[in-house]
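In: Dropping the sequence and predicted coords here.
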Amino acid sequence: MIILDDHFHVDPFHGLFLEAVKQFHRAGGTHLMVVYKSAHDYGFPGLKVEDFMKAMDFHIGLVERINKETPVKAYAVVGVHPAEFAYLAEKRGLKYAKDEVRKALEYAQRLCLEGKAVAIGEIGRPHYEVSPDIWEASIELMKYGMALAKEADCAVQLHTESFDEARFRELGEYVREVGIKPYKVVKHFSPPLVKVAEEVGVFPSVIASRKNIREAISQGNRFMMETDYIDDKSRPGAVLGPKTVPRRTKAFLQNGLFTEEDVYKIHVGNPRKVYGIDPEE
């Protein structure tokens, strides 16, 4: 059985790194979307485009190690986290930060075009309160990242504040404005609003709590599952632990909440459509 966690972080300095991946595999997991954390987490200052480029290269190296040193098939997602942009804007000013992050997102696109990564992300807007200028600039950068993904025909993973139906509809307007394929825009840490997401042209990556997945599957199987595992020893198991997606998938199948067709669609068909990968290879 193929089981994919759509949003998983690794950290060789502060976390379990390969041991977390092995825990995922021992629980039955097979494939991971490994998402860039931050330049700071990877040991770079995060004050100029070169820092972000080096951090993305470092991240690609971590993904290569997972593929070489564990049985799990890992794919890289690279970008600039919105919190990194907010930090840089506060340190160096809005215009400077926007210019550096735009160039960094262009580098992320290049890594996707070269086949080293499969998506730009996580990008978007902060989940905490910021000044109106930083908020508007974050939206501008999110749209720019989506436009780069459209140009490269790759996916984009979005980080945002807590979402409800109205926020989904707002995001749908951005999707239409940019003109990116609707199934290429992934809302990371999505609530289980599967029908609304499909209606507005966004692909939900649902945080894999029992309640969320039960609600999501009641609306259909057009979603992926994620833990948003942070890999930080000071916060063990946050947001959800590395074993969660495989354990929940198998339990839902055993209890009749998932059919075998659901499992295949969520873990193979949907990632294939969104990311252009073939988990069955």
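Out: Looks like it arrived, so ask away.

In: residues touching residue 187, list them.
Out: If you count contacts by CB atoms under 8 Å, 6 or more residues apart in numbering, residue 187 has them with 158, 160, 163, 168, 171, 197, 202-205. Every residue, glycine included, has its C-beta placed from N, CA and C.

In: one more time with 10 Å
Out: Neighbour list for residue 187: 124, 157-160, 163, 167-168, 171, 193, 197, 200, 202-206, 223 [criterion: CB atoms under 10 Å, 6 or more residues apart in numbering].

In: Is the residue nearest to residue 262 when sequence neighbours are not counted within a helix or a strand, and which one?
Out: Sequence neighbours aside, residue 221 is the residue nearest to residue 262 in space, at 4.7 Å (criterion: CB to CB, 6 or more residues apart in numbering). Under the criterion of DSSP states H and E, residue 221 resides outside all helices and strands.

In: Ramachandran coordinates for residue 221?
Out: phi -110, psi 20 (degrees, to the nearest 10).

In: Let me know the average pLDDT across stretch 242-250.
Out: If you average the pLDDT over stretch 242-250, you get 98.

In: could you pull out the helices for the chain?
Out: Ranges of helices in the chain, per DSSP state H, are 18-26, 49-69, 82-92, 94-113, 132-152, 165-178, 194-200, 210-218, 244-254, 260-264, 270-275.

In: Give me the angle between the second one and helix 18-26.
Out: Pointing back at helix 49-69 there. Angle, helix 49-69 to helix 18-26, by axes from the mean of the first three to the mean of the last three CA atoms, to 10 degrees: 50 degrees.

In: Which elements pack onto helix 49-69?
Out: helix 18-26, strand 31-35, strand 73-78, helix 82-92, helix 94-113 (3 or more CB pairs under 10 Å, 6 or more residues apart in numbering; DSSP states H and E).

In: For residue 24, grab the count of nearby residues.
Out: 27 (other CB atoms under 10 Å).

In: Who's the closest spatial neighbour of residue 66, skipping the chain neighbours?
Out: Per CB to CB, 6+ apart, closest to residue 66 is residue 74, 4.1 Å.

In: which of the helices and strands packed on helix 49-69 is buried the deepest?
Out: Compared across the helices and strands packed on helix 49-69, strand 31-35 shows the largest average neighbour count, a mean of 27 (mean count of other CB atoms under 10 Å).

In: the inter-axis angle of that one versus helix 49-69?
Out: If you take the same axes, to 10 degrees, strand 31-35 sits at 160 degrees to helix 49-69.

In: Name every strand pairing with strand 31-35 and say which way it goes.
Out: strand 4-8 (parallel), strand 73-78 (parallel) (DSSP bridges).

In: how close does residue 90 sit to residue 139?
Out: Distance, residue 90 to residue 139, by CB to CB, to the nearest Å: 17 Å.

In: May I see the buried residues of stretch 175-191?
Out: By 16 or more other CB atoms under 10 Å, the buried positions in stretch 175-191 come out as 175, 178, 180, 183-191.

In: average pLDDT for it?
Out: Here the average pLDDT along stretch 175-191 is 96.

In: How far off centre is that stretch?
Out: Stretch 175-191 sits 12 Å away from the centroid of its parent chain (CA atoms, centre = their mean, to the nearest Å).

In: residues in contact with the closest residue to residue 200 other than its chain neighbours?
Out: Ranked by CB to CB, 6+ apart and with sequence neighbours excluded, the top spatial neighbour of residue 200 is residue 172, at 2.8 Å. Contacts here follow CB under 10 Å, 6+ apart; on that basis residue 172 touches 182, 185, 196-197, 199-202.

In: Just the C-alphas of stretch 184-201, formatted as PDB.
Out: Output of stretch 184-201 as PDB, limited to C-alpha atoms (Å, rounded to 0.1, in the frame of the first residue of the first chain):
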ATOM      1  CA  LYS A 184      -1.800  22.800  -8.900                       C
ATOM      2  CA  VAL A 185      -2.600  25.100  -5.900                       C
ATOM      3  CA  VAL A 186      -2.300  23.200  -2.600                       C
ATOM      4  CA  LYS A 187      -3.600  24.700   0.600                       C
ATOM      5  CA  HIS A 188      -1.300  23.200   3.300                       C
ATOM      6  CA  PHE A 189      -2.800  22.800   6.800                       C
ATOM      7  CA  SER A 190      -6.200  22.800   5.200                       C
ATOM      8  CA  PRO A 191      -9.500  22.400   7.100                       C
ATOM      9  CA  PRO A 192     -11.700  19.600   5.700                       C
ATOM     10  CA  LEU A 193     -13.600  21.800   3.400                       C
ATOM     11  CA  VAL A 194     -13.200  19.500   0.400                       C
ATOM     12  CA  LYS A 195     -16.300  20.500  -1.600                       C
ATOM     13  CA  VAL A 196     -15.500  24.300  -1.200                       C
ATOM     14  CA  ALA A 197     -11.900  23.800  -2.200                       C
ATOM     15  CA  GLU A 198     -12.900  22.000  -5.300                       C
ATOM     16  CA  GLU A 199     -15.500  24.600  -6.200                       C
ATOM     17  CA  VAL A 200     -12.900  27.500  -5.900                       C
ATOM     18  CA  GLY A 201     -10.000  25.600  -7.600                       C
END
